[in-house]
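>>> Predicted model, plus sequence, below.
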Amino acid sequence: MTPFVIINGKSSKQIDGLIVQSLPPITKPLMRTQIETIDGRDGDLVTQLGYAAYDKAFTIGLKGDYNVDDVVGFFNTSGKITFSNEIDKYYNFSTYSQIDFKRLLRFRTAAVIVHVQPFKYSLIEGQIITANNEIHVRNIGNIYSKPIFTITGSGQIDIYINESHKLKIDLSNEEETIIIDTPGMNALSPSGDYLNRQVTGDYNNLILQPGINVVKITGATSEIKIDQYSRWI
């Protein structure tokens, strides 16, 4: 199969004259660490700080009729990227390195480097939408996930995961919707206003381990949505 990439829903195969010649290997992100040496203690103390974002490089070529501005414009963006050797998953990415125009025009080939966040997500996993207060959520990935919750309700709302209390949300007396963006560590309204003052608790505790997790959301809720509940490294 000819390799290709998909950026924000558009395939490289849709760009006239663009060929993806090679794809980056499937690799795991590095764990960032802090290493301390303590007097009187053998060895050192290693603290894990989380997985690091990293670069993925691949090569492109030109053939036939092409518009180099269309080619460069296709990559000069940010959002979601899928590689054809991992066709069912996507990375969140940005492009910081410019494509070498001179090389691309002279040799009809160049390297593209995209900066990806450490985790990848499923393209085929559906959003959970329910009115139930107890939801069995399966993280089919290979590492803990930090899901996004969209909750519509009123009054005091509490989120429990596997019987452990994680977050308290204070909604108005009238029904409103709040988005708990766990990866971004923010609470938002649907219009993008910050609602962090209405939330008590540590967003970092709102995680789903691989496998089945029982999520309980207590209080007066009318609709609950859960996104990005599986992820991989």
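On my side now, so go ahead.
>>> Bridged to the closest residue to Gln127 other than its chain neighbours, which residues?
Closest residue to Gln127 apart from its sequence neighbours, by C-beta to C-beta, 6 or more residues apart in numbering: Asp227 at 5.3 Å. Quick note: C-beta positions are derived from backbone N, CA and C, even for glycine. Counting by DSSP bridges, Asp227 is bridged to Ile148.
>>> close enough to count as contact, Asp227 and Ile148?
Yes: Asp227 is within contact range of Ile148, at 4.4 Å (criterion: C-beta atoms under 8 Å).
>>> separation between Pro210 and His165?
According to C-beta to C-beta, to the nearest Å, Pro210 stands 22 Å off from His165.
>>> ditto for Pro147
17 Å.
>>> the more surrounded of these two?
Pro147 (24 against 13; other C-beta atoms under 10 Å).
>>> ok now do the more buried one, which residues does it touch?
Neighbour list for Pro147: Val137, Thr182, Leu206, Leu208, Ile226, Asp227, Gln228, Tyr229 [criterion: C-beta atoms under 8 Å, 6 or more residues apart in numbering].
>>> Just give the closest residue to Thr218, not the sequence neighbours.
Of all residues not flanking Thr218 in the chain, Asp158 sits nearest, at 4.7 Å (C-beta to C-beta, 6+ apart).
>>> Can you give me the pLDDT of the one you found?
pLDDT recorded at Asp158 is 96.
>>> Can you give me the neighbour number for it?
Asp158 has 15 neighbours, counted by other C-beta under 10 Å.
>>> you'd agree it is up against Thr221?
No: contact criterion C-beta under 8 Å: Asp158 and Thr221 do not qualify, at 10.4 Å.
>>> coming back round to it: tally of neighbours for the residue nearest to Gln127?
Around Asp227 there are 17 other residues, counting by other C-beta under 10 Å.
>>> Run through the residues that contact it.
The contact partners of Asp227, by C-beta under 8 Å, 6+ apart, come to Gln127, Ile128, Pro147, Ile148, Thr150.
>>> What of Tyr54?
So, once contact is read as C-beta under 8 Å, 6+ apart, Tyr54 ends up touching Thr27, Pro29, Leu30, His115, Val116, Pro118.
>>> from what I can see Ser222 touches Gly153, true?
Yes: the pair Ser222 / Gly153 is scored as a contact, 5.9 Å apart, by C-beta under 8 Å.
>>> who's more crowded, these two?
More crowded of Ser222 and Gly153, by other C-beta under 10 Å: Gly153, with 22 against 11.
>>> quick one: the helix or strand in which that one is found to chain centroid distance?
Here Gly153, judged by DSSP states H and E, is contained in strand 148-161. What separates the centre of strand 148-161 from the centre of its chain is 22 Å, taken as C-alpha atoms, centre = their mean, to the nearest Å.
>>> beta partners for the residue most central in space within the chain?
Central residue of the chain (C-alpha atoms, centre = their mean): Asn92, 5.3 Å from the mean position. Using DSSP bridges, the beta-bridge partners of Asn92 come out as Lys80.
>>> Roughly how far does the residue of the chain positioned farthest from its centre sit from Leu167?
Of all residues in the chain, Gly40 has its C-alpha farthest from the mean position, at 42.0 Å, by C-alpha atoms, centre = their mean. The spacing between Gly40 and Leu167, counted by C-beta to C-beta, is 41 Å.
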